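J.: dropping a prediction and its sequence here:
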There are 2 protein chains.
Amino acid sequence: METDSKQFEHEPHRDDAYELDRKAVAAILDAVERGDREALVALMEPLHAADIADLLEQIDADDRDALIQLYGPEFDGDILSELDEGVREDVIEILNPQVLAEAVRELESDDVVDLLEDLEEPQQEAILGALEDADRVAVEQALAYPEGSAGRLMQREVVMAPEHWTVGDAIDYLRNAEELPEQFYHVFLVDPRLHPVGSVTLGRLMSSRRDVPLKDITEEVFQVIPVDQDEEDVAYAFNQYHLISAPVVDGEGRLIGQITIDDAMTVLDEEHEEDILRMAGVAEDSSLSDTIFEAVQGRATWLFVNLLTAILASLVIDYFSATIDQMVALAVLMPIVASMGGNAGTQTMTVTVRAIATRDLTSQNALRVLWREISVGALNGLLFGVTMALVAAFWFGVPMLGAVIGVAMLLTLVAAALGGFGIPMLLDRIGIDPALASGPFVTTVTDVVGFFLFLGLAGWILL
Amino acid sequence: METDSKQFEHEPHRDDAYELDRKAVAAILDAVERGDREALVALMEPLHAADIADLLEQIDADDRDALIQLYGPEFDGDILSELDEGVREDVIEILNPQVLAEAVRELESDDVVDLLEDLEEPQQEAILGALEDADRVAVEQALAYPEGSAGRLMQREVVMAPEHWTVGDAIDYLRNAEELPEQFYHVFLVDPRLHPVGSVTLGRLMSSRRDVPLKDITEEVFQVIPVDQDEEDVAYAFNQYHLISAPVVDGEGRLIGQITIDDAMTVLDEEHEEDILRMAGVAEDSSLSDTIFEAVQGRATWLFVNLLTAILASLVIDYFSATIDQMVALAVLMPIVASMGGNAGTQTMTVTVRAIATRDLTSQNALRVLWREISVGALNGLLFGVTMALVAAFWFGVPMLGAVIGVAMLLTLVAAALGGFGIPMLLDRIGIDPALASGPFVTTVTDVVGFFLFLGLAGWILL
């Protein structure tokens, strides 16, 4: 297997680049302890809001409290946007209401929405109250869209142009506009009913002659996002079609905002994080700054499901307890069969869950993939079945015990392939997230089948 | 646990949006079967290259072959870029050399690099040979940078401006430039030694007065990427600092290219995919289109490691075989302890591995996180230990057996927290990727500790 050595190589620079400098953190905490506001402000000045947020998450609650008190009016709204939910609530509690109001007023309306949606009612109202009227209306309108929809992600500020305009028209318009959005990369062409019909990049606009119609230099790839689309699908579209910004339309197809790739990237990152946590049975909204109680809650659900499935597997063992009583070697070997089955099942399940999520697994290729998984299970089952048969035969000096564990291993690994493929497919079909729920079912199948086959075959053949 | 019902909700639209339309696929395959080139071209015309690539991955090899033959000269270079490695090699084999040359010549040089780096030597040379001289030199220069570095990701085409220019200077330059890059969002300001010193968005440029110095409207956040930086760090920087494009510099700090967010997003997506596969013990470069043999290889490594650790755990059981022989209930219950330990360990491990990857876990908060994990392990251990103690006591009618499994469960879950936290931290410290290698070690610890504690306590107390 030639990939082995490569697999174990650790990427260079990984741990150093962009990690908060330990000395800088120490200096900041020292300034906080000395109550030296001037030094603190000077030390924090070069840091990006995202790095300050990381710092606040990593230090303990008392230091955080002291730092924020001392930093006072310098506190920037962007830091709030970058903070983890749990820490963010704490910080909002601590912040002087006037500083909070000031910080929030600096933010773009889509950032305020992002900040508000995770907060409790009273904190939401405190922040809404701090906004100017126009901003508050914009934020409230965005909050009217369902959580996790394109409507929550979009910014309302767009640059649009009638579809019959030329490059010169667009440039003159842009040069004379009173106010343009903070962030925009495309001019969206709209028809008279305000339906977006194409987009032109600013770069293309700059490099084209004034008399060229905008229609002639639109982007080849043009995706319109419905306002109620799920943010996960939005992120998928950006990733699949390499979009930079895309127009968002209402139910009548009218342009009402835009989504830019940086927001889509944040969604993609969050979704991945959630998938990894879910597959390990950790609540998807967990973070390092959760309290002990929150963390216990976030993991107990899966442990409880696992307890039930483990008890189910134990019932199978109990059914064969007379067999084990006659040959204790079975008790020694049986966890090996179950463990191999569980791992092989998890491998197939992970591949299947990912392929469903990335839309690579469809009715076109489902049967082919299933067949491949069964073949892989059978081949690995053969490989490890034979290996384990030899180990067991020599270990206990009973050749037939080797044969039994070999056959049990082969069949369990085939069952693992069936379960690892079939269970996520079935869950997806009935509308349950396969990333979340497949794990316990797959390991139940492999445990039950593994114990049943091994102990059953042993009872039948050996005793 | 109020999140439960929410956790099980499946996101709306998930399966429908952006999935290849089944009818369209059927129509395309039908056209291929009928050998109807005109119909095929008409049906493929509205599809994005990424969707065509997905289609080619999903249909079987014979259909793919026939489709490509029929589609012939329409075959676009972008489709190659979007294909999975394995399928891409097959497609390059099938393509008429002239069509291949034509397809590759359309691509941007960074896409050619991306395409070449996964190919075998003879295919590489066929493609390099098809390029025009200037493009070939550019591609060869990019390939001289290490795989997975910023140098491989960047495009060489940038728009730069002397730092003393005004908005008017920049606009005149852009309006009169012979050729501008296909994709650019910023003008990078450089000093006389070509060191980048700031960036101006095109939007900001468009909306500023002609006499404003560029220096006055530079972006607040400005990150320079060293050409040898790992692509994972590049993706991290784009995500952390919400960059849209960033200048790449050589060893002397001179501007030599730029990286744009869409490339960073692709890297982020690939890295996540690899992490998920690694954590499940599947080779990180696996794909649905791998052959059976490749898939067997990609999973056997981890299964082999798992076999060794499972045998190790069995040796512990073997050590206590006399105890089991006296009380077969122990064999029935022992997998429950190991299973709960394995799951709790995996939870802690996943949280730790992720926190290392996202640079959220540092020396600042390591002790605090460890303490939290131990507390969580102890609390869940208490919860499930007591539950299981009651179950076991009633099941077998032996109250002390309940006490033994309860205590063993509690201690195993604490050990799982220690192992799940300590092992990835240790692996990371000694330079081994914790996402890849933690799993087997953690479950070995929990299996060995679980079996040892349960059977040891039972032998000591019950017999």
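T.: Cool, the structure landed.
J.: care to break chain A down by domain?
T.: Listed domain ranges for chain A are A:17-144, A:160-277, A:292-461 (source: automatic domain parsing).
J.: quick one, which of these is nearest to B:Asp250?
T.: Across the domains of chain A, B:Asp250 has its closest neighbour in domain A:17-144 (17.2 Å, CB to CB). The C-beta positions use only the backbone N, C-alpha and C, and glycine is treated the same way.
J.: what mean pLDDT does that closest one get?
T.: Domain A:17-144 shows a mean pLDDT of 88.
J.: for stretch A:228-244, same thing?
T.: For stretch A:228-244, the mean per-residue pLDDT is 93.
J.: rewinding a little: among the domains of chain A, show me which one is buried the most.
T.: Highest mean neighbour count among the domains of chain A (mean count of other CB atoms under 10 Å in any protein chain shown): domain A:292-461, with a mean of 22.
J.: ok now the helix or strand harbouring A:Leu29, how far from the chain's centre?
T.: According to DSSP states H and E, A:Leu29 maps onto helix A:22-34. Helix A:22-34 sits 33 Å away from the centroid of its parent chain (CA atoms, centre = their mean, to the nearest Å).
J.: does it come close to chain B?
T.: Yes. Residues of helix A:22-34 contacting chain B under CB under 8 Å from any CB of the partner chain: A:22, A:25.
J.: just checking, next helix/strand downstream of that helix?
T.: helix A:37-44.
J.: now that next one against helix A:22-34, angle please.
T.: Counting by axes from the mean of the first three to the mean of the last three CA atoms, to 10 degrees, helix A:37-44 lies at 160 degrees to helix A:22-34.
J.: doesn't A:Gly198 belong to a strand?
T.: Yes. Using DSSP: H, G, I helix; E, B strand; the rest coil, the secondary structure at A:Gly198 is a strand.
J.: quick one: contacts for it?
T.: A:163, A:188-189, A:214-215, A:218-219, A:222 (CB atoms under 8 Å, 6 or more residues apart in numbering or on different chains).
J.: residue numbers of the stretch 51-200 of chain A in contact with chain B?
T.: A:51, A:54, A:57-60, A:148, A:171, A:174-175, A:177, A:180-181, A:183-185.
J.: among those residues, which are in helices?
T.: Of these, the ones assigned to helices by DSSP state H are A:51, A:54, A:57-58, A:171, A:174-175.
J.: in which helix or strand would I find the nearest residue to A:Pro97 once chain neighbours are set aside?
T.: Distances taken as CB to CB, 6 or more residues apart in numbering or on different chains put A:Ala126 closest to A:Pro97, at 6.9 Å, once the chain neighbours are dropped. Per DSSP H and E: A:Ala126 is located in helix A:121-130.
J.: sorry, back to before: ok, which pair from the residues of the stretch 51-200 of chain A next to chain B is furthest apart?
T.: Of all pairs in these, the most separated under CB to CB is A:Asp60 and A:Ile171 at 54.1 Å.
J.: ok so, going back, which of the residues of the stretch 51-200 of chain A next to chain B sits closest to A:Ala283?
T.: A:Gly148 (16.5 Å).
J.: return the residues in contact with the residue nearest to the closest one when sequence neighbours are not counted.
T.: Nearest in space to A:Gly148, with sequence neighbours left out and distances taken as CB to CB, 6+ apart, is A:Glu231 at 5.0 Å. Residues near A:Glu231 by CB under 8 Å, 6+ apart: A:148-150, A:152-153, A:267.
J.: these: which two are farthest apart?
T.: Longest span within the contacts of A:Glu231, CB to CB: A:Ser149 and A:Val267, 11.2 Å.
J.: all strands for the stretch 151-300 of chain A, in order.
T.: A:160-162, A:186-190, A:196-201, A:225-226, A:245-249, A:255-260 (DSSP state E, counting those that start in this stretch).
J.: could you export those as JSON lines, including distance to A:Leu29?
T.: As requested, these are exported to JSON lines (distance: least, CB to CB, whole Å):
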{"stretch": "strand A:160-162", "distance to A:Leu29": "49"}
{"stretch": "strand A:186-190", "distance to A:Leu29": "44"}
{"stretch": "strand A:196-201", "distance to A:Leu29": "46"}
{"stretch": "strand A:225-226", "distance to A:Leu29": "44"}
{"stretch": "strand A:245-249", "distance to A:Leu29": "40"}
{"stretch": "strand A:255-260", "distance to A:Leu29": "36"}
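J.: okay but the residue nearest to A:Pro97 is in contact with A:Leu100, surely?
T.: Yes. Between A:Ala126 and A:Leu100 there is a contact under CB atoms under 8 Å: 7.0 Å.
J.: identify the contacts common to these two.
T.: Common contacts of A:Ala126 and A:Leu100 (CB under 8 Å, 6+ apart): A:Ile92.
J.: tell me if stretch A:236-250 is near chain B.
T.: Yes. Stretch A:236-250 comes into contact with chain B (CB under 8 Å from any CB), by way of A:236-244.
J.: out of those, who's nearest A:Ala39?
T.: Nearest to A:Ala39, judged by CB to CB, of those is A:Ile244 at 41.1 Å.
J.: how about the closest one, phi and psi?
T.: The phi and psi values for A:Ile244, taken as degrees, to the nearest 10, are phi -110, psi -40.
J.: swap in A:Ala389?
T.: Main-chain torsions, A:Ala389, degrees, to the nearest 10: phi -60, psi -40.
J.: confidence score at it?
T.: Looking at A:Ala389, its pLDDT stands at 97.
J.: show me the contacts for it.
T.: Per CB under 8 Å, 6+ apart, neighbours of A:Ala389: A:402-403, A:405-406, A:409.
J.: likewise for A:Val227?
T.: Taking CB under 8 Å, 6+ apart, one finds A:145, A:149-151, A:154, A:248-251, A:256-257 in contact with A:Val227.
J.: can we see that at 7 Å?
T.: Contact partners of A:Val227, counting by CB atoms under 7 Å, 6 or more residues apart in numbering or on different chains, are A:145, A:149-151, A:248-250, A:256.
J.: name the nearest of those relative to chain B.
T.: For the contacts of A:Val227, the closest approach to chain B (CB to the nearest CB) belongs to A:Ser149, at 8.8 Å.
J.: measure that closest one to A:Thr291 for me?
T.: In this view, A:Ser149 and A:Thr291 are 30 Å apart by CB to CB, to the nearest Å.
J.: before we move on, the earlier item: nearest to B:Val87, of the contacts of A:Val227?
T.: The shortest approach to B:Val87 among the contacts of A:Val227 belongs to A:Ala150, at 31.6 Å (CB to CB).
J.: number of residues surrounding the closest one?
T.: Around A:Ala150 there are 24 other residues, counting by other CB atoms under 10 Å in any protein chain shown.
J.: mind checking the backbone torsions on the closest residue to it other than its chain neighbours?
T.: Take A:Ala150 and drop its neighbours on the chain: the residue closest to it by CB to CB, 6+ apart is A:Gln229, 4.5 Å away. Main-chain dihedrals, A:Gln229, degrees, to the nearest 10: phi -70, psi 150.
J.: A:Gln229 and A:Gln141: what is the separation?
T.: 17 Å.
J.: now do A:Leu128
T.: 12 Å.
J.: for A:Ala177, same thing?
T.: For A:Ala177 relative to A:Gln141 (CB to CB), the value is 23 Å.
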